[in-house]
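Chemist: Quick check, what structure comes out for this input:
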Amino acid sequence: MRKKRPYSVVIGAGAFGGWTALYLLRGGARVTLLDTWGPGNSRAASGGETRIIRGTYGPAQPYTRMAARALKLWKEHEKQWKRQVFYRTGVLWMARNGEDSYERGSLDMLREEEIPYQELSASDLKQRWPQINLDGVSWAIYEPESGYLTARTACRAVVEAFISEGGEYRQLAALPQELDTRRWKDLKLSDGSTLVGDQYVFACGPWLGELFPDTIGNRVQPTKQEVFFFGTPSGDNRFDDQHLPVWADHRDRFIYGIPAAEGRGFKMADDTRGPDFEPTSGERVVSAEGLRAMREYLAFRFPAMENAPLLETRVCQYEQSPDSNFIIDRHPLAENVWLLSGGSGHGFKHGPAIGEMMAELVLKDREADPIFRLARFEKAAAIGSGSRFREHSL
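Modeler: Predicted structure coming up:
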């Protein structure tokens, strides 16, 4: 007799859920993928224009290894789809002597994972990118093979591939229904229909705590993150993605940016965790204080952009876990229910590696790495947790 195909239901079509659904399908499962507003929508943590992909991760691991695997998979899928989603601009990490433990702590793993990089002195930087004011910068890591990904476009590409390969996508919401108690026998949807799966993967980003208030609750905390796009000077191409890499700066606050691409302007954001944010009904308007801080920084680090006009703004959210590590684990009351979230501002780049890993965990009945499992929160509470967030999670 032919073995019955397992039936998996994935809730959430963002970077984590979309790739998980695709790899479950390729692993032999029958898969239904759900999303309330669609892949890459403006409320999603995976929405927006662009995301950075890089290997520099300080001593926090296993993320360098995962990023290396993810980049390989992104490139493979570009060829398969005949569609560009990765832009190799390079990534520049500016550092200061005496305050460069993050950068210094990254070098061993970059070498181990064979991610190309260069250590550049201040004089090297001045020669290569004179449009940057290097005041306070003593050296930098430059990853020439890294860059940025298109976010919304990539999410849609993944779902399109999923459908073309035989998956079922439905734009519907999963309803809260005592999911934390495991008294439910089927998954109720917003159109009144139900689904009964062999396995469920809830990749709901900032909404996971609403669906699982006891198990997750505020262990996934949405925070308001403001993003700004400034217009580059007329006739001056020094600030586009052909002449400037993606950059990250450890000055007073951790600021990062993506050079102007596709006419959308010079992107800048502060990685500092913002205030709590309600992702469904929150008004996505940037603050006057945030804009003022970005203008001051822009004038300091990129002097020729001092009077640049503001073209666009966005408010997105991080789906922040207490330690900035991902949440990948079974529900404690249900072996066939998986919880996947906690991207914490750095999850998008890892999407294909996460999907590949999740398919193996689900279909081969394996357990996640302890760094991702829920038990770590109980241990942290018992011994007293440290700082609320790990730094630099873009």
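Chemist: Just give the closest residue to residue 93, not the sequence neighbours.
Modeler: Nearest residue to residue 93, sequence neighbours excluded (Cβ to Cβ, 6 or more residues apart in numbering): residue 141, at 4.3 Å. No exception for glycine: its C-beta is placed from N, CA and C like everyone else's.
Chemist: What of residue 239?
Modeler: residue 232 (4.5 Å).
Chemist: Report pLDDT for that neighbour.
Modeler: Predicted confidence (pLDDT) for residue 232: 97.
Chemist: That one and residue 77, how far apart?
Modeler: Distance, residue 232 to residue 77, by Cβ to Cβ, to the nearest Å: 30 Å.
Chemist: repeat for residue 307
Modeler: From residue 307 to residue 77 the distance is 40 Å (Cβ to Cβ).
Chemist: Tell me what residue 248 is bridged to.
Modeler: residue 93, residue 256 (DSSP bridges).
Chemist: Quick check: phi and psi at residue 73.
Modeler: Taking degrees, to the nearest 10, you get phi -70, psi -40 for the backbone angles of residue 73.
Chemist: where's residue 41, which helix or strand?
Modeler: Assigned by DSSP states H and E, residue 41 belongs to no helix or strand.
Chemist: That one: neighbour count?
Modeler: Residues near residue 41, counting by other Cβ atoms under 10 Å, number 17.
Chemist: try residue 59
Modeler: 12.
Chemist: And the residue lying closest to it once chain neighbours are set aside, how far from residue 90?
Modeler: Among residues not flanking residue 59 along the chain, residue 105 sits closest, at 4.0 Å (Cβ to Cβ, 6+ apart). As judged by Cβ to Cβ, residue 105 and residue 90 stand 21 Å apart.
Chemist: quick one, which of these two is more surrounded?
Modeler: Between residue 105 and residue 90, residue 90 has the larger neighbour count (other Cβ under 10 Å), namely 19 against 15.
Chemist: Surely the residue nearest to residue 59 touches residue 64?
Modeler: No - at 10.4 Å, residue 105 and residue 64 do not qualify as touching, with contact defined as Cβ atoms under 8 Å.
Chemist: Run a quick neighbour tally on the closest residue to residue 138 other than its chain neighbours.
Modeler: Nearest-residue entry for residue 138: residue 97, 4.3 Å, with adjacent residues in sequence omitted and distances by Cβ to Cβ, 6+ apart. Using other Cβ under 10 Å, residue 97 is surrounded by 10 other residues.
Chemist: oh, and call the first residue 23 from now on, that's how I've got it
Modeler: Shifting the count to begin at 23 puts that one at residue 119.
Chemist: Touching, residue 119 and residue 159? I think so.
Modeler: No - here residue 119 does not reach residue 159: they are 9.6 Å apart, not a contact under Cβ under 8 Å.
Chemist: circling back: quick check: the residue nearest to residue 81 vs residue 49, distance?
Modeler: Relative to residue 49, and taking Cβ to Cβ, residue 127 is found at 35 Å.
Chemist: same check, this time on residue 225
Modeler: 16 Å.
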